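Participant: Quick one, structure for this:
(one chain, ligands or ions: 1)
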Amino acid sequence: MILKDKRILLIITGGIAAYKCLELIRRLREQGASVRPVMTEGAQKFITPLAVGALAADHVFTELFSREDEQDVGHIRLARDCDLVLVAPATANIMAKMASGLADDLASTVLLATDKPVLIAPAMNPKMWEAAPTKRNAETLRADGVHFVGPNKGEMAESSEAGVGRMAEPNEILAAVLHLMDNREKPLLGRKAIVTSGPTHEPIDPVRYIANRSSGKQGHAIAAALAALGADVTLVSGPVNISDPIGVRTIHVERAEEMRDAVLAALPVDIAVMVAAVADWRVERSQGEKIKKVPGEGPAPLTLTENPDILKTVGHHALRPKLVVGFAAETQSVIENARTKLKSKGADMIVANDVSAETGIMGGDRNAVRIISADGVDIWPDMSKEMVAEKLAAKIAAYFVIA
Ligand code: C5P
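Facilitator: Below you'll find the model as predicted:
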């Protein structure tokens, strides 16, 4: 947990996006951080200090001239006794105050007094974001070393207007916090990676599909582990029931052909790790209408046709990544089959695992893998899928140090 023991001073200013802060507080605390909230008067019009305080499990600071708060903590201590000051949502108004050094309430005073990193998540109407004063203020703040997350493009809550101004999602804010607070080495900084994960669903008709037991746990963990080492990661995920990993761009697809298209669109990259359990076959002609059971008639025959082999396509592509890693789910002759696959797929490394039902690997939380490459076979003991991901990311990083 990167945020373990990290103290975040969360300043909530008055925008409708303030409601997303409740989720953000939960996510930050899940990662081990403590959250001390400051709310402006405007923020309290959108969400209550009661809800914020309950989720943060701390006192909510609202007044600059509160005798109790000043005696107890004081605005200077508030500004200093933390590892990061996060402003979410950050209105055009607080940005203007910050840029000009105004200190007329607790939030702006703390922001002026702090010597800690400051991250802001702007949220406002697109016209306000594009307005010349806001542009100037954003530029000033960037020059002052303030970090930004968002705003994003999208529809506004209060109107049908669309444009840039939506606050970044809690997940993205969390990723930005993790990025700022993570002082581990980032050997994959500047490297791009693509990871596939999960199963694919191949439609038979609008309600039925062919699938497999892949959960996406291993692929998602690898995407997160590569991102934690600084890589710019695109994850192409089939249908799974787990959340998008933090710090990763996730593209959701259903079918193998969609997965291939998304992967090819992400090229060129330095690293490709194809973890997805892509269905080998799809139904040749999936039906637009639900196939009916007709009394007296047998089941409708399903004619299958081969799906594109994404790993093989990438392994032999004109824009082939410098490092191509494949997975091999086998139930017998694991190493032998992996060696053959290394060649046929044009991969540099095959991570082989035995997915016989009794291993419980497919869909489970643990994995026991063997890494087959031109250098030979590396056998790793049984460990969590997160640990496999971390070790594999480290091995990938080592490849780039040597190469
Ligand atoms: O041939 P097999 O399915 O065992 O190969 C497994 C490896 O190939 C995995 O890395 C998997 O992601 C990839 N693969 C693929 N496209 C397919 C089938 C497998 O990318 N159609």
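Participant: shaky segments in the stretch 151-300 of the chain?
Facilitator: Applying pLDDT under 70 to the stretch 151-300 of the chain flags residues 157-159.
Participant: which bits of the stretch 201-350 of the chain sit near the ligand?
Facilitator: Within the stretch 201-350 of the chain, the positions adjacent to the ligand are 256, 274-276, 278, 280, 307, 309-311, 326-328, 341 by CB under 6 Å from any ligand atom. From N, CA and C alone the C-beta is placed, and that goes for glycine too.
Participant: quick one: terminal-to-terminal distance for stretch 227-246?
Facilitator: End-to-end distance of stretch 227-246: 8 Å, with CA to CA, to the nearest Å as the criterion.
Participant: Return the distance of it from the chain's centre.
Facilitator: Stretch 227-246 sits 5 Å away from the centroid of its parent chain (CA atoms, centre = their mean, to the nearest Å).
Participant: now do stretch 254-265
Facilitator: That offset, for stretch 254-265, works out to 19 Å (CA atoms, centre = their mean).
Participant: Including neighbour count and distance to residue 226, could the residues of the stretch 201-350 of the chain next to the ligand go into JSON lines?
Facilitator: Shown next, in JSON lines, are these (neighbours: other CB atoms under 10 Å; distance: CB to CB, whole Å):
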{"residue": "256", "neighbour count": "25", "distance to residue 226": "23"}
{"residue": "274", "neighbour count": "27", "distance to residue 226": "13"}
{"residue": "275", "neighbour count": "28", "distance to residue 226": "11"}
{"residue": "276", "neighbour count": "29", "distance to residue 226": "15"}
{"residue": "278", "neighbour count": "25", "distance to residue 226": "20"}
{"residue": "280", "neighbour count": "14", "distance to residue 226": "26"}
{"residue": "307", "neighbour count": "18", "distance to residue 226": "25"}
{"residue": "309", "neighbour count": "18", "distance to residue 226": "23"}
{"residue": "310", "neighbour count": "25", "distance to residue 226": "18"}
{"residue": "311", "neighbour count": "27", "distance to residue 226": "17"}
{"residue": "326", "neighbour count": "28", "distance to residue 226": "15"}
{"residue": "327", "neighbour count": "25", "distance to residue 226": "15"}
{"residue": "328", "neighbour count": "24", "distance to residue 226": "20"}
{"residue": "341", "neighbour count": "21", "distance to residue 226": "22"}
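Participant: Output those in JSON lines; the columns should cover secondary structure and distance to residue 184.
Facilitator: As requested, these are exported to JSON lines (DSSP: H, G, I helix; E, B strand; the rest coil; distance: CB to CB, whole Å):
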{"residue": "256", "secondary structure": "helix", "distance to residue 184": "35"}
{"residue": "274", "secondary structure": "strand", "distance to residue 184": "26"}
{"residue": "275", "secondary structure": "coil", "distance to residue 184": "23"}
{"residue": "276", "secondary structure": "coil", "distance to residue 184": "28"}
{"residue": "278", "secondary structure": "coil", "distance to residue 184": "32"}
{"residue": "280", "secondary structure": "coil", "distance to residue 184": "39"}
{"residue": "307", "secondary structure": "coil", "distance to residue 184": "38"}
{"residue": "309", "secondary structure": "coil", "distance to residue 184": "35"}
{"residue": "310", "secondary structure": "helix", "distance to residue 184": "31"}
{"residue": "311", "secondary structure": "helix", "distance to residue 184": "30"}
{"residue": "326", "secondary structure": "strand", "distance to residue 184": "27"}
{"residue": "327", "secondary structure": "strand", "distance to residue 184": "26"}
{"residue": "328", "secondary structure": "strand", "distance to residue 184": "30"}
{"residue": "341", "secondary structure": "helix", "distance to residue 184": "33"}
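Participant: The residue nearest to the spatial centre of the chain - nearest residue in space that isn't next to it in sequence?
Facilitator: Among the residues of the chain, the one closest to the centroid is residue 246, at 2.9 Å (CA atoms, centre = their mean). Nearest residue to residue 246, sequence neighbours excluded (CB to CB, 6 or more residues apart in numbering): residue 175, at 4.8 Å.
Participant: OK, contacts around the one you found?
Facilitator: Taking CB atoms under 8 Å, 6 or more residues apart in numbering, we find residue 175 in contact with 149, 246, 247.
Participant: Verify the contact between residue 223 and residue 198 for me.
Facilitator: No. When contacts are counted by CB atoms under 8 Å, residue 223 is not listed as touching residue 198 (10.9 Å).
Participant: who has more neighbours, the two?
Facilitator: residue 223 (33 against 29; other CB atoms under 10 Å).
Participant: and the end-to-end length of stretch 279-292?
Facilitator: For stretch 279-292, the first-to-last residue distance is 25 Å (CA to CA).
Participant: residues in contact with the longest helix seen in the chain?
Facilitator: Once the chain is assigned using DSSP state H, the helix that runs over the most residues is helix 385-402. Residues from elsewhere that reach helix 385-402, judged by CB under 8 Å, 6+ apart: 187-188, 191, 217-218, 221-222, 224-226, 228-229, 270-271, 273, 322-323, 325, 348, 351, 365-367, 369, 371, 380, 383.
Participant: Among those, name the ones in helices.
Facilitator: Judged by DSSP H, these include 217, 218, 221, 222, 224, 225, 226, 228 as members of helices.
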